[in-house]
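Engineer: Dropping a prediction and its sequence here:
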Amino acid sequence: MQFNMIINGNKVDAEDHFNVYNPATEEIIAQCPAATEENLNAAVTAAREAFPAWSKTSDDQRKEKVNALADIISDNMNELAQLITQEQGRPLNGIGFGSFAEVGGSEYWTRCTAELTLPIEIAEETDTHRAEIHRKPLGVVGSITPWNFPLLIAIWHVIPAIRSGNTVVLKPSSFTPLVALRFVELAQEVLPPGVLNIITGEGGMGRLITSHPDIDKIVFTGSTATGKNIMKNASDSLKRLTLELGGNDAAIILPDIDVKENASAIFEAAFINNGQTCAALKRLYVHEDIYEEMCEELTIIANTVTVANGMEEGAQLGPIQNRAQFELVRELVDDAKSSGARILTGGDAPEGIGYFYPVTLVADISDGTRLVDEEPFGPVLPIIKYSDVEDALQRANDNPNGLGGSVWSGNPAQALELAKRLECGTAWINNHASLSPNVPFGGVKQSGVGVEFSTHGLKEFTSIQSIVIPK
Ligand code: NAD
């Protein structure tokens, strides 16, 4: 399959290419252009030149265009979902969030973002003057996305950027560039040339984007380590930043919950997208009174799950997306085993083709082991026993990450008090990892800077101009 970059509305190839693999078969499924610095400069120039006209379109015009993009996603649902499964590995209709759900979610987020507006606010009104707060687009936005939700996260970046009048240069992960390339190609049917550009490349391309003098803002989703590099590189030109980074979400399960009733929701929150989800449940703190029952229930569920090539009928979870991540998961589980942890199910990768790793539950493990302290980003859940809820809360917070967290209890008032004390950007009660385009989402501590979604997210693609008007 041949894929092209899109620069100023045109398909652009490059001299060099890199391979894109299907993680289920380890076969090359496509070759993508490896952009040069000249390609990047051309994309930034196109976005810069498109900006004056695009930023002057009316709010209604942009709303209409964004809704037209939602139609395009809907009309091409089948093709986009197949591309996600082929390059990302996730089953078409997998547990929690299959590829069709990712495309459906992309359409939904696009439509909801179309409805958001940033009207002029009055900051002050006196006898002598009126001070108004205007929101102005920033200019050219550089978007850099990861490999776990290759369409949805691109939508989370691109749609609010263009909805608020910016133009965009998108660079998807080189593990999963295909669905984003296809979406941007389709988007040219409704957007003027240069409003949305996409380049693909490996290695130093991210650094070139984040230090580019003519890019005004970076919106980035990916690892905390890369986020730190981006902050350094962007500092010379003082770019605006939204950084959605890694998480190591804790859930605290109080002894008063009905284990049988809640086990599947807990399981899904941990294994959504094979655990390769920033806000998946990654550390499960369970009270000692229900610890063994919870371990048993989760094991029963885990043992019913079919892990297979995502294109196969009946597949519920697919492979891990790439070899490096697969090796990390294996390393963390092996480390847990050697520290004396109890493997309830899984724990050994099968021989053969594809980065398949079984659903793995690890009991009798605690903080201070790599599997608990680090983000595994794969199909493995450590289950940690506690006896004192204050101690569980302290351990949940004792982590540099602060993306999400949850409290599960039959007592809503107690759960709310605990949720308020979790150090994270989103806290759920009797739920975890459910996101909405109307609810701001972002990390505290080392999980990020800024938020996405809702008008709070939209504002991050604008600057404030206060205008003081005499009477
Ligand atoms: P990554 O940081 O390795 O890569 C993300 C993107 O950054 C890719 O496009 C990559 O090419 C690019 N990149 C790499 N080095 C760069 C540099 N120096 N400058 C600029 N760009 C660079 O992350 P990943 O492995 O693709 O994704 C997994 C991580 O993303 C996990 O830690 C996960 O928790 C996090 N994540 C966070 C969220 C969130 O919303 N907070 C969502 C999804 C994933």
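Structural biologist: Now that the structure is in, tell me what you want to look at. Numbering: from 1, shown residues only.

Engineer: Would you map the helices across the stretch 51-200 of the chain?
Structural biologist: Chain-ordered helices for the stretch 51-200 of the chain, with DSSP state H, counting those that start in this stretch as the definition, fall at 59-75, 77-88, 99-114, 152-163, 178-187.

Engineer: Pull out the buried positions in the last one.
Structural biologist: Within helix 178-187, the residues that qualify as buried are L178, V179, A180, L181, R182, F183, V184, L186, A187, counting by 16 or more other Cβ atoms under 10 Å. C-beta: built from backbone N, CA, C; applies to glycine.

Engineer: Of the residues you listed, which pair is most distant in space?
Structural biologist: Of all pairs drawn from the buried residues of helix 178-187, the one with the longest distance (Cβ to Cβ) is L178 and A187, at 14.8 Å.

Engineer: which one of the helices of the stretch 51-200 of the chain lies closest to the ligand?
Structural biologist: Distance to the ligand, taken as Cβ to the nearest ligand atom, is lowest for helix 152-163 among those, at 6.0 Å.

Engineer: can you give me how far the closest one is from the chain middle?
Structural biologist: Computed by Cα atoms, centre = their mean, to the nearest Å, the separation of helix 152-163 from the middle of its chain amounts to 12 Å.

Engineer: what do you get for stretch 238-253?
Structural biologist: Going by Cα atoms, centre = their mean, the spacing between the C-alpha centre of stretch 238-253 and its chain's C-alpha centre is 10 Å.

Engineer: What residues does the stretch 1-150 of the chain have near the ligand?
Structural biologist: Taking Cβ under 6 Å from any ligand atom, the part of the stretch 1-150 of the chain that reaches the ligand is made up of I144, T145, P146, W147, N148.

Engineer: Closest one of those to G227?
Structural biologist: When those are ranked by distance to G227 (Cβ to Cβ), I144 comes first, at 9.9 Å.

Engineer: got the contact list for that closest one?
Structural biologist: By Cβ atoms under 8 Å, 6 or more residues apart in numbering, the contact set of I144 is K171, G206, I209, T210, I218, V219, F220, T221, G222, I230.

Engineer: sorry, back to before: could I get the helices of the stretch 51-200 of the chain in CSV, plus columns for mean pLDDT?
Structural biologist: Rendered in CSV, the data for the helices of the stretch 51-200 of the chain read as follows (pLDDT from 0 to 100):
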stretch, mean pLDDT
helix 59-75, 98
helix 77-88, 98
helix 99-114, 98
helix 152-163, 98
helix 178-187, 98
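
Engineer: tell me which residues form a beta bridge with F441?
Structural biologist: E452 (DSSP bridges).

Engineer: count of neighbours near it?
Structural biologist: Residues lying near F441 (other Cβ atoms under 10 Å) number 22.

Engineer: pLDDT score assigned to it?
Structural biologist: In the prediction, the pLDDT value recorded for F441 is 98.

Engineer: now the single nearest residue of the stretch 151-300 of the chain relative to the ligand: how far from E390?
Structural biologist: With Cβ to the nearest ligand atom as the measure, the residue in the stretch 151-300 of the chain that lies nearest the ligand is G206; the distance is 2.2 Å. The span separating G206 from E390 equals 42 Å under the rule Cβ to Cβ, to the nearest Å.

Engineer: Same drill for those two, tell me which one is more crowded.
Structural biologist: For G206 and E390, the more surrounded residue by other Cβ under 10 Å is G206, and the numbers stand at 22 against 10.

Engineer: for the host helix or strand of the more buried one, packing partners?
Structural biologist: Take DSSP states H and E as the rule and G206 turns out to sit in helix 205-210. With contacts defined as 3 or more Cβ pairs under 8 Å, 6 or more residues apart in numbering; DSSP states H and E, the secondary structure elements packing on helix 205-210 are helix 37-56, strand 140-144, strand 167-171, strand 217-221, helix 224-234.

Engineer: Give me the mean pLDDT for it.
Structural biologist: Helix 205-210 carries an average pLDDT of 96.
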